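Undergrad: Quick one, what's the 3D model for this:
(one chain, ligands or ions: 1)
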Amino acid sequence: MFGRIDHIGVAVEDLDAGIELYAKSFQMELAHRETVEEQGVEAVLLDVGEGHVELLAPLGPDTPVGKYLARKGPGLHHVAYAVDDIDATLEGLAAAGIELIDSEARVGIRDSRVAFLHPRSTGGVLTEIVEPAEGGH
Ligand code: CO
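TA: Okay, the predicted model is just below:
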């Protein structure tokens, strides 16, 4: 069902401090930076092998990541698996009894299509599935 791990999402208070750590200290290449209004975040992608680290800074305290930071502080936020067909995958997951946060795919970073699965039904791990945009990776 899942092709590979596409990225891990890390919640940060300060995007530039996060970039300092991952791009400078860990020497990952900064591949992309974007404000994703629909998710209430400013995000960057850094390359690590075929996957990415996605740093997420909230646009405000009332956004999902803003609330997460207030509750848990910065750290590991979610894991994202790549899929070929997100609509079919969502249908399969729902049929398997997985609780979906997004019953339909929405726009993610770099024009991908994404959906989140509820940690209540995934052993406590906020899980994202992502169908990369055509030509994306
Ligand atoms: Co993500």
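Undergrad: could you measure Phe26 against Ala115, distance?
TA: 28 Å (CB to CB, to the nearest Å). Every C-beta, even on glycine, is put in place using the N, C-alpha and C of the backbone.
Undergrad: So, low pLDDT: which residues of this protein?
TA: The model of the chain has pLDDT under 70 over residues 135-137.
Undergrad: Just the helices from it, written as ranges.
TA: 15-19, 64-72, 86-95 (DSSP state H).
Undergrad: And for the second one, what's in contact with it?
TA: Looking back up the chat, that one is helix 64-72. For helix 64-72, the surrounding residues in contact (CB atoms under 8 Å, 6 or more residues apart in numbering) are Ala11, Glu13, Gln39, Gly40, Val41, Leu56, Ala57, Pro58, Leu59, Gly60, Pro61, His77.
Undergrad: May I have that helix as CSV, with CA atoms only?
TA: What follows is helix 64-72, C-alpha atoms only, in CSV (Å, rounded to 0.1, in the frame of the first residue of the first chain):
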residue,chain,number,x,y,z
PRO,A,64,-2.9,22.5,14.2
VAL,A,65,0.9,22.8,14.5
GLY,A,66,0.6,25.8,16.8
LYS,A,67,-1.7,23.9,19.1
TYR,A,68,0.7,20.9,18.9
LEU,A,69,3.7,23.0,19.9
ALA,A,70,1.7,24.5,22.8
ARG,A,71,0.8,21.1,24.0
LYS,A,72,3.9,19.1,23.4
